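Chemist: structure for this input, please:
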Amino acid sequence: MTQSKAHFEFKDIHVEVEGKEVVKGVSLTINHGEIHAIMGPNGSGKSSLSNALMGHPNYTITSGEARLDGKNLLEMSADERSRAGLFLAFQYPLAIPGVTVANFLRAALKSHRGKDADMSDFRKLLKAEMSDLSVDPSFATRYLNDGFSGGEKKRVEILQMSMLKPKMALLDETDSGLDIDALKTVADGINRYHNDQNAILLVTHYQRLLNYVKPDFVHVMMNGQFAKSGGPELALKLEESGYDWVEKEVLQKAEV
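Modeler: Numbers count the residues shown, from 1 in each chain. This is a model prediction of the structure:
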């Protein structure tokens with residue numbers, strides 16, 4: 001991949017899970033300030049792509065390149081990618097009994113700032129971010145995601161993003177399992193985080209999150225590849241008509 005001014009870009013990414021290729025050569029360029037959304041049916045490779053880019057050990061990138069502000073992410077471990085500014089909000093956040101939310105966030109922030117970091121502002125920052133995201137202050141002393149509802153888990157993930165302020169956020173089905181009130185709160189947190197110095201890649205099945213977090217570009221993923229790209233109007237058409245028409249377009253092009 002030639003060097004460019006793109007904020008985040010990946011080229012011809014192939015991903016395998018347990019020896020099976022699930023992402024089959026996808027490329028995307030995301031500039032500062034942009035919001036991109038990847039939509040597609042179950043099993044299309046959306047979550048596999050985001051997990052692989054973050055460095056999840058169960059997802060192997062067999063070929064391709066990925067860069068954040070010119071830095072080669074594929075030469076980095078998952079924690080190094082995080083410190084470089086990449087963030088992944090999981091579709092199914094894990095519970096970690098024995099580790100409180102406050103201790104987890106403090107450790108994450110200190111890791112990002114460096115071992116000699118001044119953490120004197122941590123409590124004030126945590127309190128302010130929890131208030132903005134409507135997270136009950138008592139959650140600071142609860143074990144991370146242990147016994148949390150789906151909405152509570154997603155709010156805590158957005159809380160983590162708000163604390164770390166990454167350069168590039170990969171949000172994997174953040175709207176999954178949320179009622180409308182939780183969805184609005186999470187969307188507000190995403191919009192507060194977003195500015196012209198960072199960027200977001202949303203992975204979602206549904207239009208409803210995109211009613212609150214407005215994408216600049218929408219990409220349809222099918223069978224491990226990007227089948228179609230467009231503006232926010234593409235998400236509205238998918239909501240109305242489903243994915244069959246995209247699949248038909250792909251088949252027609254293949255026959256030509």
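Chemist: element containing residue 220?
Modeler: strand 217-222 (DSSP states H and E).
Chemist: just checking, what packs against that strand?
Modeler: Helices and strands touching strand 217-222, as assessed by 3 or more Cβ pairs under 8 Å, 6 or more residues apart in numbering; DSSP states H and E, comprise strand 35-39, strand 225-230, helix 232-241, helix 244-255. The C-beta positions use only the backbone N, C-alpha and C, and glycine is treated the same way.
Chemist: so where's the stretch 101-250 of the chain shaky on pLDDT?
Modeler: Within the stretch 101-250 of the chain, no range satisfies pLDDT under 70.
Chemist: mind running it again at 90?
Modeler: 114-118, 132-136, 149-152, 174-179, 181-182, 205-208, 239-242, 244, 247-250 (pLDDT under 90).
Chemist: for it, just list every one of the helices.
Modeler: 101-113, 122-132, 150-164, 180-193, 232-241, 244-255 (DSSP state H, counting those that start in this stretch).
Chemist: contact partners of the last one?
Modeler: Translated: helix 244-255. With contacts defined as Cβ atoms under 8 Å, 6 or more residues apart in numbering, helix 244-255 is touched by 220, 222, 227, 228, 238.
Chemist: hang on, the earlier thing: which of the helices and strands packed on strand 217-222 sits most buried?
Modeler: strand 35-39 (a mean of 24; mean count of other Cβ atoms under 10 Å).
Chemist: note down every partner strand of that strand and its orientation.
Modeler: Paired with strand 35-39 in the same sheet, following DSSP bridges, are strand 199-204 (parallel), strand 217-222 (parallel).
Chemist: out of those, which comes closest to residue 12?
Modeler: Residue 12 sits nearest to strand 217-222 of all these, at 14.8 Å, using Cβ to Cβ.
Chemist: just the buried residues of that closest one, please?
Modeler: For strand 217-222, the neighbour count (16 or more other Cβ atoms under 10 Å) marks 217, 218, 219, 220, 221, 222 as buried.
Chemist: could you dump those residues into TSV and include distance to residue 179?
Modeler: Formatted as TSV, those follow (distance: Cβ to Cβ, whole Å):
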residue	distance to residue 179
217	28
218	24
219	27
220	27
221	26
222	29
